[in-house]
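Q: Sequence and predicted structure are below.
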Amino acid sequence: MFAGDVSAASPAIDPVPVVLDAEAWAQLSAGLIQRVRLLDALHADLYGPRTVLATDVAPVSQLLQDPAYLRTAVGIPARGAHHLFALTSTVARTTDGTWVVLEDSVDVPDGAGTTLELRRVLSRCAPTLYRSTPLRRLHPFFDTVRTALHHRTRAEGRAGRTVVLTEDSAGPLQAFDHSWLANLLGAPVVSVGDLRTGSGTLTLRLPGLDSDPGDAVDALLRLVPSQLVDPLDLGPTPLGGVTGLVEAARCGDVEILNPLGAGLLENADLRAALPDLCRQLLHEDLLLRPAAEGAELTGWLGLDPEGGDHLVERPVRLRLLVMAAEDGFEVLPGGIATTADDGPAAIKDVWVTVPETAAVAGGTDADGEGESSEPKAPSAAAPGVLTAYPAMTRSIGSDLFWFGRYLERVDSTARLLRTVLDTVNDLDSESGSAARTAQAVLLSAITEATTTYPGFLDLDLRDREAVHSEVESLLTDRGRPGSLAQSFAALAQTTRTLRDLISDDIWPVIARMNGRLRNLGGSDAPPLEEGLTDIVDGCLTLSGAVADSMPRNLGWDLTEVGRKIERTMSLLALLRATLGRRRTRAAEARIAGAVALITESGASYRRSYHAAVQPELLVELLLDDTTLPRSIAFQLDRLGLALDRLPEVSPSPELRAPLTSLRSRLASWQPQELLRPRDGADAVDGAPTALLDEADAAVESLRELATALENRYFRPSESTSRWGIDDV
């Protein structure tokens with residue numbers, strides 16, 4: 001569970017679910033639907049005619065003093081019959097069998113993604129029990145909600161566009177939950193920098209020129225607090241906000257869900273007055289009342305927190321989600337139960353059984369959700385369903401670009417460290433000067449290629465303990481720019497921002513790689529080379545998962561551009577660090593052999609040249625062989641094709657010039673000339689070669705290209721990496 005959230009401690013999961021029978025669920029869901037109807041009517045009144053404030057029932061003073069009461073939101077129209085779109089309520093059952101409400105989350109409801117992931121975990125841990133239990137499944141609920149949202153937002157004969165606004169600074173588990181909800185609703189995740197307003201409309205900032213009008217947004221599913229969304233009407237905020245969003249909502253061209261100011265409905269005094277307000281507004285008695293002071297909660301069976309072998313009863317609180325459907329509201333038939341005693345906290349799945357007469361046998365799909373007797377939502381081909389084209393915002397494009405770069409960075413760093421450690425171990429057994437020279441060059445190449453200065457350059461390489469400490473730092477120090485640990489942390493963080501775009505199959509891979517990295521260098525850890533091999537294998541698996549699951553659209557092209565730029569830069573840095581200075585032939589043979597292993601070009605070299613590995617021939621292969629997936633020629637060919645597919649409003653020489661210049665420069669390179677010592681220096685004494693300057697110039701062209709891509713297709717605030725080395 002939450003495998004990709006490598007920076008967050010996973011909550012303890014109690015595998016014994018809270019099971020609610022059909023009768024208990026009917027009672028509870030009826031109370032929740034009545035509650036959201038009441039809160040919906042209250043929002044409509046408090047931000048409309050405000051008749052409630054003229055009665056003696058509502059806590060008028062407390063409401064008017066509540067900072068969550070946004071006067072600027074008064075009078076904003078609702079599209080459809082309801083104002084509220086979602087509500088999360090925390091409920092519990094007391095020892096007398098009564099359900100009570102502990103709190104409501106109206107401004108920023110949550111729990112959808114976490115509920116579904118928790119269900120999937122338990123369905124895989126106990127598949128036999130899961131299949132044999134007649135449960136209400138979760139996916140039909142989201143199908144119904146998605147269809148209702150589609151009909152709510154459609155406009156002028158076209159499918160409406162819904163986007164999900166999230167906060168960049170949200171914690172990993174909260175970001176996971178929000179991204180899962182967006183994925184379930186088929187809506188892209190955006191941040192405030194992806195949106196702009198004008199003439200009362202809200203549009204997406206697309207990758208490209210600012211003059212592009214962008215795509216109109218019909219509904220904004222807001223998963224950030226109301227007060228943070230518009231600095232113009234609601235005041236300056238740390239989030240920045242979307243200037244003019246309140247005015248766009250007032251014009252009626254975009255609907256904000258939940259509506260602005262919904263946090264007022266969480267007021268504690270208002271919650272206490274709900275029984276009287278329910279009789280006044282709905283003419284009904286409130287079914288779910290607030291919890292009385294000191295109410296004792298009933299216990300549910302679960303694991304013994306002290307580690308015993310028997311199940312024990314522990315009180316729990318249930319977080320349940322209600323969302324708008326086409327003809328009212330529906331309750332997600334499941335939820336998250338959290339223990340509410342003094343023992344270690346744990347979360348539990350909530351199972352809702354169906355009557356035996358309604359249960360049918362069902363299989364289990366890839367998401368842990370099986371078939372049920374409930375009606376299925378209309379298919380995409382059903383009449384009245386319009387197809388919406390996917391959105392690609394600037395921040396998503398930037399994240400995809402950096403995902404490709406970080407994936408290549410982790411892969412190249414792991415390959416470099418693995419091969420150098422292997423080679424250095426072999427060279428330790430040799431006593432000649434060639435072995436010592438090759439060892440020094442390869443260790444220094446780690447520092448130069450990863451830019452982790454001063455690194456090995458300031459160490460006495462005969463000091464085994466100092467060398468080992470430097471290697472451990474490169475493997476485990478997440479605060480050190482350029483280290484393998486830091487690059488992986490950046491990859492994991494970038495991947496989290498793309499949860500709604502990337503296959504779920506990658507999360508176990510991310511988790512295994514994270515676990516392996518954390519165990520590298522410990523006293524009981526396996527050999528470093530074995531751990532690094534696991535990291536390389538993980539990168540190969542990630543590459544395959546992305547290649548098999550990502551549509552070949554703009555997102556794929558941006559990822560490919562990022563990967564090709566990063567791999568080319570890594571290759572140039574490796575060649576510069578290892579072969580940029582001449583050594584003796586014996587030392588160069590060992591160094592070139594290590595480079596062939598790092599670049600996986602050994603087999604191609606042997607098929608092309610029936611000779612021992614020589615620097616000139618290896619450089620020729622890595623520069624010119626367009627069939628070798630790790631050659632520079634191969635990268636530039638694929639980079640050019642991906643650039644040609646990027647959308648352009650007008651010709652963009654700033655994108656073409658760096659690549660054209662780089663191709664021309666590389667075409668003029670001759671391996672013998674590149675590796676010839678400059679100014680007639682001694683060829684065996686570390687003399688610098690032309691490769692040093694040429695590689696620097698080529699890397700500079702790639703940086704110019706990356707900068708041009710960032711400036712043209714991504715928002716300015718992300719023109720540099722947010723999590724890694726700023727080398728663009």
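A: Nice, I can see it. Numbers count the residues shown, from 1 in each chain.
Q: And the helices in the stretch 201-350 of the chain?
A: In chain order, the stretch 201-350 of the chain shows helices spanning 245-251, 268-281, with DSSP state H, counting those that start in this stretch as the criterion.
Q: For those, state which one has the densest average packing.
A: Using mean count of other Cβ atoms under 10 Å, the stretch among the helices of the stretch 201-350 of the chain with the greatest mean number of neighbours is helix 245-251 (a mean of 21). (Each C-beta comes from the backbone N, C-alpha and C, glycine too.)
Q: Following element in sequence after the one helix or strand in the chain whose mean pLDDT sits lowest, please.
A: Of the helices and strands making up the chain, the lowest-confidence element is helix 127-132, at a mean of 81, by mean pLDDT, DSSP states H and E. Past helix 127-132, heading to the C-terminal end, the next element that is a helix or strand (DSSP states H and E) is helix 139-153.
Q: How about that next one, which residues are buried there?
A: Applying a neighbour-count criterion of 16 or more other Cβ atoms under 10 Å, the buried positions in helix 139-153 are 139-150, 152-153.
Q: Run the chain-centre distance for it.
A: Here the centre of mass of C-alpha atoms in helix 139-153, compared against the chain's by Cα atoms, centre = their mean, to the nearest Å, lies 24 Å away.
Q: mind putting the helices of the stretch 201-350 of the chain in a markdown table, mean pLDDT and distance to Val471 included?
A: Converted to a markdown table, the helices of the stretch 201-350 of the chain look like this (pLDDT from 0 to 100; distance: least, Cβ to Cβ, whole Å):
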| stretch | mean pLDDT | distance to Val471 |
| --- | --- | --- |
| helix 245-251 | 92 | 51 |
| helix 268-281 | 95 | 56 |
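Q: Any chance of these in JSON lines with distance to Phe403 as columns?
A: Formatted as JSON lines, the helices of the stretch 201-350 of the chain follow (distance: least, Cβ to Cβ, whole Å):
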{"stretch": "helix 245-251", "distance to Phe403": "29"}
{"stretch": "helix 268-281", "distance to Phe403": "43"}
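Q: Show me the shaky parts of the stretch 451-600 of the chain.
A: Counting by pLDDT under 70, the low-confidence segments of the stretch 451-600 of the chain come to 499-500, 521-523.
Q: Also the stretch 201-350 of the chain?
A: Applying pLDDT under 70 to the predicted model, the residue ranges of the stretch 201-350 of the chain that meet it are 208-214, 237-239.
Q: Who are the contact partners of Val60?
A: Contacts for Val60 were tallied using Cβ atoms under 8 Å, 6 or more residues apart in numbering; they are Leu53.
Q: Phi, psi for it please.
A: Main-chain dihedrals, Val60, degrees, to the nearest 10: phi -60, psi -50.
Q: so how far is Val16 from it?
A: Taken as Cβ to Cβ, to the nearest Å, the spacing of Val60 relative to Val16 amounts to 46 Å.
Q: for the longest helix along the chain, packing partners?
A: Residue-count comparison of every helix in the chain, with assignments taken from DSSP state H, identifies helix 394-428 as the longest. For helix 394-428, the packing partners by 3 or more Cβ pairs under 8 Å, 6 or more residues apart in numbering; DSSP states H and E come out as strand 189-190, helix 433-450, helix 464-476, helix 484-496, helix 528-549, helix 554-579, helix 585-598, helix 690-713.
Q: could those go into TSV alongside distance to Ala126?
A: Rendered in TSV, the data for the helices and strands packed on helix 394-428 read as follows (distance: least, Cβ to Cβ, whole Å):
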stretch	distance to Ala126
strand 189-190	32
helix 433-450	44
helix 464-476	36
helix 484-496	28
helix 528-549	26
helix 554-579	36
helix 585-598	45
helix 690-713	46
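Q: Would you quantify the distance from the nearest residue to Pro333 once chain neighbours are set aside to Leu301?
A: Of all residues beyond its chain neighbours, the one nearest Pro333 is Arg136 (3.5 Å), with distances taken as Cβ to Cβ, 6 or more residues apart in numbering. Distance of Arg136 to Leu301, computed by Cβ to Cβ: 20 Å.
Q: More neighbours: the two, which one.
A: For Arg136 versus Leu301, the count of surrounding residues by other Cβ atoms under 10 Å is larger for Arg136: 22 against 15.
Q: My read is that the more buried one contacts Thr353, right?
A: Yes. Taking Cβ atoms under 8 Å as the definition, Arg136 is a contact partner of Thr353 at 7.5 Å.
Q: Could you report the neighbour count for the closest residue to Leu459 other than its chain neighbours?
A: On the basis of Cβ to Cβ, 6+ apart, the spatially nearest residue to Leu459 that is not a chain neighbour turns out to be Ala466, at 5.0 Å. Here the count is done by other Cβ under 10 Å, and Ala466 has 14 residues near it.
Q: what about stretch 572-587, how long is it end to end?
A: Length of stretch 572-587, first residue to last, Cα to Cα, to the nearest Å: 20 Å.
Q: Count the residues that sit near Asp460.
A: Here the neighbour count serves as a burial measure; for Asp460 (other Cβ under 10 Å) it reads 9.
Q: For Gln439, see how far away it is.
A: For Asp460, the distance to Gln439 (Cβ to Cβ) stands at 13 Å.
Q: ditto for Ile396
A: Here the distance between Ile396 and Gln439 works out to 45 Å (Cβ to Cβ).
Q: And Leu636, by the same measure?
A: According to Cβ to Cβ, Leu636 and Gln439 sit 33 Å apart.
Q: Same question for Gly241.
A: Using Cβ to Cβ, Gly241 is found at 56 Å from Gln439.
Q: Ala68 belongs to a helix?
A: No. Checked against DSSP: H, G, I helix; E, B strand; the rest coil, Ala68 lies outside a helix; its state is coil.
Q: what residues are up against the residue lying closest to it once chain neighbours are set aside?
A: In space, Ala68 comes closest to Gly263 once its chain neighbours are excluded; the distance is 3.7 Å by Cβ to Cβ, 6+ apart. Contacts of Gly263 were listed using Cβ under 8 Å, 6+ apart, and they are 68, 106-107, 225-227.
Q: same thing but 6 Å
A: For Gly263, the set of contacting residues under the criterion of Cβ atoms under 6 Å, 6 or more residues apart in numbering consists of 68, 107, 226.
Q: need these in JSON lines with distance to Leu705, can you?
A: Converted to JSON lines, these look like this (distance: Cβ to Cβ, whole Å):
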{"residue": "Ala68", "distance to Leu705": "48"}
{"residue": "Asp107", "distance to Leu705": "43"}
{"residue": "Ser226", "distance to Leu705": "41"}
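Q: Provide a ChimeraX selection command restricted to the buried entries of the residues you listed.
A: This is how ChimeraX selects the buried members of these, with burial counted by 16+ other Cβ under 10 Å:
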select :68,107,226
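Q: For Leu129, see how far away the most centrally placed residue in the chain is.
A: Per Cα atoms, centre = their mean, the C-alpha nearest to the average position across the chain is that of Arg496, at 1.7 Å. In this view, Arg496 and Leu129 are 31 Å apart by Cβ to Cβ.
Q: thinking again about what came up before, now, of the helices and strands packed on helix 394-428, which is deepest in the fold?
A: The densest packing among the helices and strands packed on helix 394-428, expressed as mean neighbour count by mean count of other Cβ under 10 Å, is seen in strand 189-190 with a mean of 26.
Q: Could you identify the helix or strand that succeeds it?
A: Using DSSP H and E, the helix or strand that directly follows strand 189-190 along the chain is strand 195-198.
Q: tell me the average confidence for that next one?
A: Within the predicted structure, the mean pLDDT of strand 195-198 is 88.
Q: So what touches stretch 614-628?
A: Under the contact criterion Cβ under 6 Å, 6+ apart, stretch 614-628 has outside partners 579, 588, 592, 596, 601, 604-605, 609, 631-634, 637, 671-672, 675.
Q: Ranking by neighbours, what's the top pick from the residues you listed?
A: Neighbour counts for the contacts of stretch 614-628 were taken using other Cβ under 10 Å; the highest belongs to Leu579, which has 27 neighbours.
Q: so who does that one touch?
A: By Cβ under 6 Å, 6+ apart, the contact set of Leu579 is Pro615.
Q: Chain neighbours aside, what residue packs nearest to Leu662?
A: Closest residue to Leu662 in three dimensions, ignoring its sequence neighbours and counting by Cβ to Cβ, 6+ apart: Ser701, at 4.2 Å.
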